[in-house]
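K.L.:
What follows is a protein structure lacking sequence information:
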């Protein structure tokens, strides 16, 4: 009986450790999104299948790392996808204690489609209408000591509370979106060994019909503390699978901010065959400062980092032992220093062509973006896209240039013509603003009502007039500005420093 109890306890703990998630379908690509922030992996196995039931996966995993300094102290939040170690936990921070929520209560990824939203908008007034789960359970409003607003939503009736029965609905991107919330201050940082920031990450993954076989991502890295962090690095760690992971090469496109992998021989045995697949990750909006290779071993140069300092060194575009990448061969020699591994002829600082020509095998790349600060009560936005091609017919560097240009064009076009929210063209607000600074501007005039709510849900201001004068907030903190017209409204987070 005692043995059975031990077995049952072990089995139960394994069940409790299960990470929930959702799968986004884009063209032939089915991409797993996990509640703990890990992408393209499920229960330790690749989950980015190209063509259903083919067992042909593009990635082993894709993860986001963050590092920065405060008064000379290094903070890092990262994930070691090879060993399934994660500094992040599901859920938001307690807005008072800044301790992470119990992840068991936030072990969810919320997925909703544009078709579901449109059907809801047409039917919510109908007497026999029942709100579907994906819209009803959208985590729009926090409760207790969590932030008043968590997931973005359209507040149809302008009362500041998410109520689909009154016409409110999720504010998503693309045709289908998956949303999750993370924090880095619930558990010990066993991945990086570094100090926590006490940050929240709001991640939305979405698909666009003009970009099949790709998944876009928008992350907000939010700092709810009074600390300002400097010398920030946000990095994207992509481990490539490409069917048989043991025959891959990797490369970078320094101009288009792309890291990619491709077959290192003529056949991907047991998976893609002779189709020569290709997988990539691309940073949008920000210039990638460096891309470096990481291997799943203890190599002094390229091996996975084991200390916070080694994580940071790789995020600065150097080998983990502190030496620079050297142009040519495997990047560990004595050539001219550079910032991009295997860039072909795309590195503007180099005149020669450099591609990988060693022994094919497993490959992962770390892409690094620099930000000067993460301000107190501030946030940073990080956009990227991941995906691949089932079959290529030409040089992989040429294929990457073509697909990256297409995906950037789709992204820019989407941002220009994305479905408008209630009449808010020209709307803007200075953010962050200062204590007692007048935040009113001419773009407010089209609205009939203005409200300001603090992070606890307390109404600071409520005016019913198109003629707004001085609009000031006398205490620093995070607030929510709600502007309403014609029974619809827009909500913007406002930071007062």
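P.N.:
Yep, it's here. None of the values given here were measured: they were computed from a predicted structure. Numbering: from 1, shown residues only.

K.L.:
The residue nearest the centre of the chain in helix, strand or coil?
P.N.:
Relative to the mean C-alpha position of the chain, the nearest C-alpha, by C-alpha atoms, centre = their mean, is the one of residue 219, at 3.8 Å. Taking DSSP: H, G, I helix; E, B strand; the rest coil as the rule, one finds residue 219 in the strand state.

K.L.:
Just list whatever residues bridge to it.
P.N.:
Beta-bridge partners recorded for residue 219 (DSSP bridges): residue 203, residue 382.

K.L.:
That one touches residue 62, doesn't it?
P.N.:
No. Counting by C-beta atoms under 8 Å, residue 219 does not reach residue 62; the two are 11.9 Å apart. All C-beta spots, glycine's among them, are computed from the backbone N, C-alpha and C.

K.L.:
Next one, pLDDT for the residue nearest to the centre of the chain please.
P.N.:
The predicted local distance difference test score for residue 219 is 97.

K.L.:
now do residue 250
P.N.:
Reading off the per-residue confidence, residue 250 sits at a pLDDT of 98.

K.L.:
Give me the nearest residue to it, chain neighbours excluded.
P.N.:
Excluding its sequence neighbours, the residue lying closest to residue 250 (C-beta to C-beta, 6 or more residues apart in numbering) is residue 363, at 4.1 Å.

K.L.:
In the stretch 151-300 of the chain, mark out all the strands, start to finish.
P.N.:
Read by DSSP state E, counting those that start in this stretch, the stretch 151-300 of the chain holds these strands, from start to end of the chain: 153-154, 169-170, 176-183, 200-207, 214-222, 229-240, 248-253, 258-263, 278-284, 288-294.

K.L.:
what about residue 127, distance to residue 164?
P.N.:
Taking C-beta to C-beta, to the nearest Å as the criterion, residue 127 is separated from residue 164 by 15 Å.

K.L.:
Give me the more crowded residue out of those two.
P.N.:
Neighbours around residue 127 and residue 164, counted as other C-beta atoms under 10 Å, are more numerous at residue 164. The numbers are 20 against 4.

K.L.:
what sits against the more buried one?
P.N.:
With contacts defined as C-beta atoms under 8 Å, 6 or more residues apart in numbering, the neighbours of residue 164 are 120, 124, 131, 135, 136, 138.

K.L.:
Check residue 370 too.
P.N.:
Per C-beta under 8 Å, 6+ apart, neighbours of residue 370: 231, 232, 233, 289.

K.L.:
Try it again at 7 Å.
P.N.:
233, 289 (C-beta atoms under 7 Å, 6 or more residues apart in numbering).

K.L.:
Who does it form a beta bridge with?
P.N.:
According to DSSP bridges, the residues that bridge with residue 370 are residue 233.

K.L.:
Top of the contacts of residue 164 by number of neighbours, please.
P.N.:
Neighbour tally across these (other C-beta under 10 Å): the maximum, 24 neighbours, falls on residue 138.

K.L.:
Which secondary structure state does it sit in?
P.N.:
Classification of residue 138 using three-state DSSP returns coil.

K.L.:
how far away is it from residue 121?
P.N.:
In this structure, residue 138 and residue 121 are separated by 14 Å, where distance is defined by C-beta to C-beta.

K.L.:
count of residues packed around residue 295?
P.N.:
Taking other C-beta under 10 Å as the neighbour definition, residue 295 ends up with a count of 15.

K.L.:
Just give the closest residue to it, not the sequence neighbours.
P.N.:
With sequence-adjacent residues excluded and distances taken as C-beta to C-beta, 6+ apart, residue 295 is closest to residue 302, at 4.7 Å.

K.L.:
Surely that neighbour is in contact with residue 296?
P.N.:
No. With contact defined as C-beta atoms under 7 Å, residue 302 does not count as touching residue 296 (9.8 Å).

K.L.:
Now do the same contact list for the residue nearest to the centre of the chain.
P.N.:
By C-beta under 7 Å, 6+ apart, the neighbours of residue 219 are 64, 201, 203, 382.

K.L.:
is it true that the second one touches residue 221?
P.N.:
In this case it means residue 201. Yes. Here residue 201 lies in contact with residue 221, judged by C-beta under 7 Å, at a distance of 5.5 Å.

K.L.:
okay, those two: which has more neighbours?
P.N.:
Comparing residue 201 with residue 221 by other C-beta under 10 Å, the one with more neighbours is residue 221, at 25 against 22.

K.L.:
From residue 477, how far off is that one?
P.N.:
19 Å.

K.L.:
that older thread, counting neighbours, go ahead and name the busier of residue 302 and residue 296.
P.N.:
Counting neighbours by other C-beta under 10 Å for residue 302 and for residue 296 shows that residue 302 has the greater number, 22 against 18.

K.L.:
so what's that one up against?
P.N.:
Contacts for residue 302 were tallied using C-beta under 7 Å, 6+ apart; they are 293, 294, 295, 319.

K.L.:
For the first one, name its beta-bridge partners.
P.N.:
Taking DSSP bridges, one finds residue 365 as the beta-bridge partners of residue 293.

K.L.:
what's the distance between it and residue 332?
P.N.:
If you measure residue 293 against residue 332 using C-beta to C-beta, the figure is 10 Å.

K.L.:
quick one: what helix or strand has the closest residue to residue 331 other than its chain neighbours in it?
P.N.:
If the residues on either side of it in the chain are set aside, residue 331 comes closest to residue 325, at 4.6 Å by C-beta to C-beta, 6+ apart. Counting by DSSP states H and E, the secondary-structure element that holds residue 325 is strand 325-326.

K.L.:
neighbouring contacts of that strand?
P.N.:
Outside strand 325-326, the residues within contact range by C-beta under 7 Å, 6+ apart are 292, 319, 331, 332, 333, 334, 335, 336, 337, 338, 339, 341.

K.L.:
Alright, calling it a day.
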